[in-house]
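In: Quick one, what's the 3D model for this:
(chains A, B, C and D)
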There are 2 protein chains.
Amino acid sequence: MRPQEFNTPVMTIPAAVAAGREIEIAQDLNLPGFVMSFAPNEEIFGEEEPTDFVYKVVSGAVRTTRFLADGRRQIDGFHLPGNVFGLERGEAHRFSAEAIGECEVALVRRRAVERAAESDVAVARRLWSLASDNLEQLQDHMLLLSRKNAAERVGAFLLELSARASSHTVELPMSRGDIADYLGLTLETVSRTFSQFARDGLIELPSPRRVVIRNASALTVS
Amino acid sequence: MRPQEFNTPVMTIPAAVAAGREIEIAQDLNLPGFVMSFAPNEEIFGEEEPTDFVYKVVSGAVRTTRFLADGRRQIDGFHLPGNVFGLERGEAHRFSAEAIGECEVALVRRRAVERAAESDVAVARRLWSLASDNLEQLQDHMLLLSRKNAAERVGAFLLELSARASSHTVELPMSRGDIADYLGLTLETVSRTFSQFARDGLIELPSPRRVVIRNASALTVS
DNA sequence: CGAGCGTTTGAACAGCGTCAAAACAAGTGG
DNA sequence: CCACTTGTTTTGACGCTGTTCAAACGCTCG
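Out: Just a heads-up that it's a prediction; the model follows:
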């Protein structure tokens, strides 16, 4: 969705929500922004598009993805309410972002963020902090992708979501295919691993999109 | 190698080289530091050790690594002369660093870097820049690890080294095992892929540690 | 109740890993 | 200069994990 297209009919922006307001991009960094709604699988921004905005999930869930030329897909990360995404230093996005289900996203102009960082050292350090946190997450994920087997990957994924939700019961907003592209597997392998975990009593699957973790330590590696 | 152990006999610090001097950590950021030499496979810093220093390769090559509990290893990155490594925001290193061959590394106190960033916005933004560049590299590497096959991984690796050396002839400081742990493969698969590339005329292998790239486009994916 | 999508399950296959041995390179001492 | 040692690389044979292809199942929502 390009900024120029904000007023196309497909956009559903409740007037009260879309009105300009302060968005907390980082701790102690509130900047003026606005909120937009997206339908399931709608693109929030595309690869190669200019990095005019920084985004923050208000409700729902977002995935950021990259593709190889032949269509192989990788999901870079899942973004839940409160998470910031799309903050890059280059002029063009290196990945695309899509709404997973119905969701609301807050937008802040990147220029506003950059200006704040230029005048305020504390802000600049917070941005470094943000990038570093992101970096550490990616490092953990790289270890998963390079050296863990299917069961370890799915286990780590469930524990990650459980930690982010601070709950043993996890609601999965994303499909098996999304999970597969996040973990570097196929959707069949993800599904089989879920089933196996359930048979082994490590989890319960009241429904395909709801998981209850019964034995967290058995899902852990390193 | 802990700072406390600087003067142990295993250290070989030529006096002239070890003397305090200015180190360029980032563009427009020179800070006082010193240079140390390391023997092949010697540890420069270990996981969990305090992040007291920031490092920059002067000569030779360095690998940064992470391990799973059972010993599975991942190489996070290879660092060549001019590259900065070990700059983390946390109090403890999240990975270890080892000299690949005989090498020299410049050290700068992390506190000095942090102080510079506190007083100078331009420095703080450079550090963000450094973290962002690092981030983009990792994102590319993640796509490689999650969705590319063995030939594509080895091809990308050779092209990466070729680009960093700005030459079609690449000198490999690291072993097949190191390459494997960087690419998420086994050393046998890496070796087989090298051999296959040579049979197909994509590369020449004058010696195991020297590669001449003959057909770069055939090694590329995406 | 039926259509459509997402999920699960099965069977066959293939790519990469594992295990093992041979080839090779570099250094050491006789 | 050669025999010997040690570590790295290459190659081979085989097996397993995860993929591919296909079909059945089960939600969810008209």
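In: what does chain A put close to DNA strand C?
Out: Chain A has residues A:175-177, A:187-188, A:190-192, A:194-195, A:205, A:208-209 near DNA strand C, with proximity defined as Cβ under 7 Å from any atom of the strand. For every residue, glycine as well, the C-beta is placed using N, CA and C.
In: And the residues you listed, which is closest to DNA strand D?
Out: residue A:188 (3.9 Å; Cβ to the nearest atom of the strand).
In: State the phi and psi torsions of the closest one.
Out: Per-residue torsions, residue A:188: phi -60, psi -40 (degrees, to the nearest 10).
In: Tell me the one among the residues of chain A next to DNA strand C nearest to residue A:135.
Out: residue A:190 (26.2 Å; Cβ to Cβ).
In: What's the local residue count around that closest one?
Out: 23 (other Cβ atoms under 10 Å in any protein chain shown).
In: With the one 10 residues further on instead?
Out: Summarising burial for residue A:200: neighbours were counted as other Cβ under 10 Å, giving 12.
In: Residue A:188 now?
Out: Neighbours of residue A:188 under the rule other Cβ under 10 Å: 11.
In: Excluding covalently adjacent residues, which one is nearest to residue A:196?
Out: Excluding its sequence neighbours, the residue lying closest to residue A:196 (Cβ to Cβ, 6 or more residues apart in numbering or on different chains) is residue A:151, at 7.3 Å.
In: ok so, going back, the residues of chain A next to DNA strand C also near DNA strand D: which ones?
Out: For DNA strand D, the contacts drawn from the residues of chain A next to DNA strand C by Cβ under 7 Å from any atom of the strand are A:188, A:192.
In: coming back round to it: need phi/psi at the residue nearest to residue A:196.
Out: Here residue A:151 shows phi and psi, under degrees, to the nearest 10, equal to phi -60, psi -40.
In: Ok, residue A:210 next?
Out: Torsion angles, degrees, to the nearest 10, at residue A:210: phi -140, psi 130.
In: what sits against the closest residue to it other than its chain neighbours?
Out: Excluding the flanking residues, the one nearest residue A:210 by Cβ to Cβ, 6+ apart is residue A:171, at 5.9 Å. By Cβ atoms under 8 Å, 6 or more residues apart in numbering or on different chains, the contact list for residue A:171 reads A:165, A:209-210.
In: and residue A:171, what pLDDT?
Out: Looking at residue A:171, its pLDDT is 96.
In: Look up how far residue A:101 lies from it.
Out: Counting by Cβ to Cβ, to the nearest Å, the gap from residue A:171 to residue A:101 is 11 Å.
In: Test my guess that the residue nearest to residue A:196 contacts residue A:193.
Out: Yes: using Cβ atoms under 8 Å, residue A:151 is in contact with residue A:193, at 5.7 Å.
In: okay, the two: which has more neighbours?
Out: For residue A:151 versus residue A:193, neighbours defined as other Cβ under 10 Å are more numerous around residue A:193 (23 against 18).
In: Can you tell me, leaving aside adjacent residues, what's nearest to that one?
Out: Excluding its sequence neighbours, the residue lying closest to residue A:193 (Cβ to Cβ, 6+ apart) is residue A:154, at 4.3 Å.
In: number of nearby residues for that neighbour?
Out: 25.
In: which residues pair with the closest residue to residue A:112 other than its chain neighbours across the strands?
Out: With sequence-adjacent residues excluded and distances taken as Cβ to Cβ, 6+ apart, residue A:112 is closest to residue A:31, at 4.9 Å. Beta-bridge partners recorded for residue A:31 (DSSP bridges): residue A:23.
In: Report the separation between residue A:31 and residue A:21.
Out: To residue A:21, residue A:31 is 10 Å away according to Cβ to Cβ.
In: Of these two, which one has the most company?
Out: With neighbours defined as other Cβ under 10 Å, residue A:31 and residue A:21 compare such that residue A:31 has more, 18 against 13.
In: mind checking the end-to-end distance for stretch A:207-222?
Out: Using Cα to Cα, to the nearest Å, the end-to-end distance of stretch A:207-222 comes out at 29 Å.
In: Which positions within that stretch qualify as buried?
Out: A:211, A:213, A:219, A:221 (16 or more other Cβ atoms under 10 Å in any protein chain shown).
In: Low-confidence stretches in chain A?
Out: By pLDDT under 70, the low-scoring segments of chain A are A:1-19.
In: okay, now the domains of it?
Out: A:2-136, A:148-220 (automatic domain parsing).
In: Tell me the helices and strands packed up against the helix or strand encompassing residue A:178.
Out: Applying DSSP states H and E as the criterion places residue A:178 in helix A:176-183. The contact analysis (3 or more Cβ pairs under 8 Å, 6 or more residues apart in numbering or on different chains; DSSP states H and E) places helix A:176-183 against strand A:62-67, strand A:73-79, helix A:150-165, helix A:187-199.
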